[in-house]
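Visitor: Next one to model:
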Amino acid sequence: MPGFVQMLIRDYRLYVLASPGLLFFLIFKYVPMWGLLLAFKDYSPYMGFWESKWVGFKYFEELFRNTDFPLLFRNTFAISLMNIFLFFPLPIILALLLNEVKKQVFKRVVQTLIYLPHFISWVVIVGICYLLFSQGDGVVNKLLVEAGYSKINFLSNPDTFWFMLTTQSIWKEAGWGTIIFLAALSGINPELYESAQIDGANRWKQAVHITLPGIRSIIVILLILRMGSILEVGFEHIYLMTSSPVSHVADVFDTYAYRSGVQNGRFSFATAVGIFKSMIGLVLVVLANKLSKRFGEEGIY
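Guide: Here you go, the predicted model:
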């Protein structure tokens, strides 16, 4: 114990520096976790938390026996997989391309332009999408008609709905995702590139044999963390894009929990849905972490 006190006194500046982040996680992440008990109670706002009856796994059983469960799981998992396979690699590619730009002014301008969509609300982005692609008076359909083509149903086509969601996510967040990879690229020893140039390696070979291995650990860690939120596909985004023609491909766990749980005052059921999503993410993080260690990476723990 005295050694721990001495360490606190010696490094108190570091702990003061870290305290805002620690307080954030303590107040907004750990303290609210007592609310997970709602999933095991028949919670009523009028009776309060302590007076509400314990019901065990009743709401989990209701979720699994629901006829909509396979559809919800399919939609949520499919949208998340599209984000992983189409969206996740793009920030890496953008970071590699920006890393090759030598003109600093041009590089900063491009970075600023691709960062900006991150700060735009989903409400604004979906509004822009409707202005561009709506079948009635959308700009794109007007141009198609003037060019002699027929209108295309972009927003109400179930076959392209998932792709539309993914492209919007890419436009909004791909640029912002390059920040971590650009930081990792800046940590690669420049002498490695100089040695490769002496050996006759071109830019492509340098990228394959130096750049990508240099950021491989960061890529693996971010991919593992992405597994933890695999069933988090963005409630606000999907809720704003959902319409009657695409409801059977747009309904995910988040929208279902909001519609069946929050709107109907069934907070215990909504909490049970959230716990189920978190457990799936936890299992996938553990499996992905073990798999990464099998391939020689350190993982996240």
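Visitor: which stretches of the stretch 101-250 of the chain form strands?
Guide: In the stretch 101-250 of the chain, no segments count as strands under DSSP state E, counting those that start in this stretch.
Visitor: hey, where'd the helices end up in it?
Guide: Listed in chain order, the helices of the stretch 101-250 of the chain (DSSP state H, counting those that start in this stretch) span 104-115, 122-133, 139-146, 161-186, 190-198, 203-206, 212-228, 235-241, 247-250.
Visitor: Name the residues that touch the first one?
Guide: Contact partners of helix 104-115, identified using C-beta atoms under 8 Å, 6 or more residues apart in numbering, comprise Leu94, Leu98, Val101, Ala174, Gly175, Trp176, Thr178, Ile179. In this view, the C-beta of every residue, glycine as well, is placed from N, C-alpha and C.
Visitor: circling back: quick one: the helices of the stretch 101-250 of the chain as a markdown table, columns for mean pLDDT and distance to Arg266 too.
Guide: As requested, the helices of the stretch 101-250 of the chain are exported to a markdown table (pLDDT from 0 to 100; distance: least, C-beta to C-beta, whole Å):
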| stretch | mean pLDDT | distance to Arg266 |
| --- | --- | --- |
| helix 104-115 | 90 | 40 |
| helix 122-133 | 91 | 26 |
| helix 139-146 | 87 | 41 |
| helix 161-186 | 91 | 27 |
| helix 190-198 | 86 | 58 |
| helix 203-206 | 86 | 56 |
| helix 212-228 | 89 | 26 |
| helix 235-241 | 91 | 17 |
| helix 247-250 | 91 | 20 |
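Visitor: Of all those, which one is nearest Phe25?
Guide: Nearest to Phe25, of all the helices of the stretch 101-250 of the chain, is helix 212-228, at 14.9 Å by C-beta to C-beta.
Visitor: Quick check: nearest residue in space to Val139, chain neighbours excluded?
Guide: Closest residue in space to Val139, ignoring its immediate chain neighbours: Leu132 at 5.1 Å, by C-beta to C-beta, 6 or more residues apart in numbering.
Visitor: Now do that neighbour against Leu165, distance only.
Guide: 15 Å (C-beta to C-beta, to the nearest Å).
Visitor: could you give me the average pLDDT of stretch 79-94?
Guide: Mean pLDDT, stretch 79-94: 92.
Visitor: Just the terminal-to-terminal distance for that stretch.
Guide: Taking C-alpha to C-alpha, to the nearest Å, stretch 79-94 runs 22 Å from one end to the other.
Visitor: Now find how far off-centre that stretch is within its chain.
Guide: Distance, stretch centre to chain centre, for stretch 79-94: 10 Å (C-alpha atoms, centre = their mean, to the nearest Å).
Visitor: for stretch 130-146, same thing?
Guide: Counting by C-alpha atoms, centre = their mean, stretch 130-146 comes out at 30 Å from the chain centroid.
Visitor: can you tell me which residues contact Ser217?
Guide: By C-beta under 8 Å, 6+ apart, the neighbours of Ser217 are Glu297, Glu298.
Visitor: and the helices of the stretch 101-250 of the chain as TSV, adding distance to Gly48?
Guide: Converted to TSV, the helices of the stretch 101-250 of the chain look like this (distance: least, C-beta to C-beta, whole Å):
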stretch	distance to Gly48
helix 104-115	46
helix 122-133	35
helix 139-146	53
helix 161-186	39
helix 190-198	63
helix 203-206	64
helix 212-228	32
helix 235-241	27
helix 247-250	36
